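Colleague: Test case, fold it:
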Amino acid sequence: MSSEPTSSGRRPLRPERIILVALIIAVAAAWVSVYRAGGRALTVTFFDVGEGDSALIQAPGGCALLIDGGGRSGNHAGNSDVGERVILPGMMVRGVTKLNGIIVTHGDEDHVNGLDRVVDQVPVEMVLDPLLPHAAAPYERLRALEEERGIPVVKARLGQRFNFGNGIKAMVLHPGLVPIWGGAADANDNSVVLRLVYDKVSFLFTGDIEEPGERQLLARNFMLRSTVLKVPHHGAETEATPDFIRAVRPALAVISVGADNPYGHPNPALVERLRVSGARVMRTDVAGAITVTSDGRAWKVSAYRRD
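Modeller: Below you'll find the model as predicted:
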């Protein structure tokens, strides 16, 4: 095809540019579909933050809640700040300019190291946090910024309930009134666990709980069965035990994990346990950002990967 200007003074589109324009139109149409669904549906997006966790809940009526906001090594932004490069753009493209709340499941770097940028850039009404001692520098920065901005911080407690409106409710199932102490992973096992319910569709967010935390959840006899499970601790070997999977019985299991991470996450045996149980398994390192939308009766999942 000639690259000479046409009589109108414009160059004709080359084939590769035609393909690019078509792709842009297709992506734009997909986002319009998401926005329309979001206006009448619950939307939960698990961001692709590498080896870490971050999930955005958007309820009908505009309520927005961010669960965690950290990631490291293996995310598409390399070693750059995950809050600035992944979470904030992900929020903005979904129309979220303020947060009704942030839930810090625990203070580990891979769950909080982008939250200071988020708190610095958007208004936040409150933070829910187990408030257990933690020496990680990103967590200390977050706590200092919360105090500087005057953001109310509420200690996470078993039994706390939240009403998002439109019949959408959530309950804190963990940590217990007495924290789990004495193990090698105290911070993980005291992670905030939240169950979100919209009529017949439910989500279980599990932070990094390990086997002791799972045993406590099972012993309390709370309803754990959930449509969507955020798999604990990035799919580590000893998490999502058979008893726990049987109690949750997820239709969709989301693993938030970094590509080529040094920990061997997700463990192949764990992935197989989930699949044998009947769950569809999706990974952020493979699929990119994973979005689940629901009207309370049915649900659908989509993914978007930045290459």
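Colleague: Low-confidence ranges, the stretch 1-150 of the chain, go.
Modeller: Residue ranges of the stretch 1-150 of the chain with pLDDT under 70: 1-39, 73-80.
Colleague: how about the strands in the stretch 201-307 of the chain?
Modeller: 201-205, 228-230, 252-255, 280-283, 289-294, 299-304 (DSSP state E, counting those that start in this stretch).
Colleague: Run through the residues that contact the closest residue to residue 152 other than its chain neighbours.
Modeller: Setting aside the residues directly before and after it, residue 152 is nearest to residue 126 in space (CB to CB, 6 or more residues apart in numbering), at 4.7 Å. For glycine as for every other residue, the C-beta is placed from the backbone atoms N, C-alpha and C. Residue 126 makes contact with 100, 101, 102, 151, 152, 153, 154, according to CB atoms under 8 Å, 6 or more residues apart in numbering.
Colleague: can those residues go into JSON lines with extra columns for distance to residue 287?
Modeller: Shown next, in JSON lines, are these (distance: CB to CB, whole Å):
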{"residue": "100", "distance to residue 287": "27"}
{"residue": "101", "distance to residue 287": "26"}
{"residue": "102", "distance to residue 287": "24"}
{"residue": "151", "distance to residue 287": "33"}
{"residue": "152", "distance to residue 287": "35"}
{"residue": "153", "distance to residue 287": "33"}
{"residue": "154", "distance to residue 287": "33"}
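Colleague: closest to residue 216 among these?
Modeller: Among the contacts of residue 126, residue 154 lies closest to residue 216 (CB to CB), at 21.2 Å.
Colleague: how about the closest one, phi and psi?
Modeller: Per-residue torsions, residue 154: phi -110, psi 130 (degrees, to the nearest 10).
Colleague: Just grab the bridge partners of residue 280 for me.
Modeller: On the basis of DSSP bridges, residue 280 is bridged to residue 252.
Colleague: what does the one 10 residues further on give?
Modeller: Beta-bridge partners for residue 290, by DSSP bridges, are residue 46, residue 303.
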